[in-house]
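> whatever this is, show me its structure:
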Amino acid sequence: MSECEPVPVNFFALDLSQPVEPHVLSQLSRACREWGFFYVTNCGISKDTYGKICSYSKEIFELPLCQKLKIGPSSALQTYTPPFIASPFFECIKVSGPDFLDSAKESADELFARDNSGFCKLLQEYGLKMEELAKKIMQILLLATLGHESLKKFDEREFSECHGYFRLVNYSPPGYVKEREAEGLGMHTDMSCITILFQDEIGGLQMRTRKGQWMDIMPCEESLVVNVGDLMQAWSNDQLRSCEHRVILRQAVNRLSLPFFWCFQDDKVVSAPDEVMGKGNPRLYEPFVCRDYLKFRESNEEGKFEKIGFGVKDFAGVKTHHHLDRNPEPDMAYVT
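Numbering: from 1, shown residues only. Modelled structure (predicted):
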């Protein structure tokens, strides 16, 4: 099968309305080791909420570029990322916590002359709900990785000061997309502990297997997509996988998505604890400060955005020993 042909797969779905039984933790752990992606259902965020956010987002992205650049890379706010050389069909607006209301209002005040308090409050409510959702998912993920005995200690010691932000993302496909697909966002990994994604019905998200094959991660109604980020891959010493992924455009309609990024605080030193590494396993990453990794990946220079294609191994991977892949590609028969 060629690299361009997507592989069919059904990813594990974590139902947040059900008790977290041992078999669920086992499946979640396996999904994060092998794929780094899974679905979550019954998240407590209504379809109506997403409909309203998407409606407002479309209005924003339909504004003239000169208007949107008022909050662009050269502005004081720098919350808007315009299309650029590496991804000419991608644009986004960033809304940062913990004060999501203030972040949204600053951008909205620059973009519109009219009152936008309803939209800003909607984004505030969404951001706060996503914070709670991220904390819940992280606790379950730590439980699956470390077990009951270590959950409270590591949750409080390592993750109590995490913060979140989300992006309103718009993909505008080129005219030739009816004849051949286009790359909406190039292959990359996320600079987060975890990322929680809402994608509209258009789809196009793909993850890359260790064998170089692309898998479609289809939109599933009333579910969100979660993926492990670079910070958790390094913190877990590669027990959890931050998987390369991309967005492919196949339809002549705009695609909207809402990724929420849950991250360590900027001054945190990321280093796998001994209990996480396990006895006798080599350390695969040098300790590093989150802020330094973000600086490595981010740039406000024209034509660059999160150094697409670079990851945490490029920045902090130990180079003095042969890297052993402890999680080889699973047989497709075992995919659940």
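> helix/strand/coil for residue 281?
Three-state call for residue 281 (DSSP: H, G, I helix; E, B strand; the rest coil): coil.
> my guess is residue 32 meets residue 144, correct?
Yes: taking contacts as C-beta atoms under 8 Å, residue 32 lies within contact range of residue 144: 7.3 Å. Where you see a C-beta, it was placed from the backbone N, CA and C, and this is true even at glycine.
> who has more neighbours, the two?
Per other C-beta atoms under 10 Å, whichever of residue 32 and residue 144 has more neighbours is residue 32, with 28 against 23.
> you'd agree that one is in a strand?
No: checked against three-state DSSP, residue 32 lies outside a strand; its state is helix.
> which non-adjacent residue is nearest it?
residue 240 (4.7 Å; C-beta to C-beta, 6 or more residues apart in numbering).
> try residue 241
residue 36 is the one closest to residue 241 (C-beta to C-beta, 6+ apart), at 3.8 Å.
> got phi/psi on the one you found?
Main-chain dihedrals, residue 36, degrees, to the nearest 10: phi 80, psi 10.
> give me the number of residues near residue 212?
By the criterion of other C-beta under 10 Å, residue 212 has 10 neighbours.
> local confidence estimate at it?
Listed pLDDT for residue 212 reads 91.
> I'd guess it is in a helix, am I close?
No: counting by three-state DSSP, residue 212 is not part of a helix but coil.
> any idea how far the residue nearest the centre of the chain is from residue 167?
The centroid of the chain falls nearest to residue 195 when counting by C-alpha atoms, centre = their mean (3.1 Å). Residue 195 is 10 Å from residue 167, where distance means C-beta to C-beta, to the nearest Å.
> I'd guessed residue 235 sits against residue 157; true?
No: using C-beta under 8 Å, residue 235 makes no contact with residue 157, being 11.7 Å away.
> name the residue in these two with the higher neighbour count.
Set residue 235 next to residue 157 and count neighbours by other C-beta under 10 Å: residue 235 wins out with 24 against 10.
> tell me the contacts of that one?
158, 193, 270-272, 276 (C-beta atoms under 8 Å, 6 or more residues apart in numbering).
> narrow the residues you listed to those in helices?
Of the contacts of residue 235, the ones assigned to helices by DSSP state H are 158, 276.
> who wins on neighbours among the contacts of residue 235?
Counting neighbours by other C-beta under 10 Å, the top entry in the contacts of residue 235 is residue 193, with 28 neighbours.
> OK, contacts around that residue?
Residue 193 is in contact with 138, 159, 162, 229, 231-232, 235, 262-264, counting by C-beta under 8 Å, 6+ apart.
> just send those residues back as a markdown table, with distance to residue 100, secondary structure and pLDDT too.
Listed next are the contacts of residue 193 as a markdown table, based on distance: C-beta to C-beta, whole Å; DSSP: H, G, I helix; E, B strand; the rest coil; pLDDT from 0 to 100:
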| residue | distance to residue 100 | secondary structure | pLDDT |
| --- | --- | --- | --- |
| 138 | 19 | helix | 95 |
| 159 | 20 | helix | 93 |
| 162 | 15 | coil | 96 |
| 229 | 20 | coil | 98 |
| 231 | 21 | helix | 98 |
| 232 | 23 | helix | 97 |
| 235 | 25 | helix | 96 |
| 262 | 14 | strand | 98 |
| 263 | 15 | strand | 98 |
| 264 | 19 | coil | 97 |
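> fine by me, thanks again.
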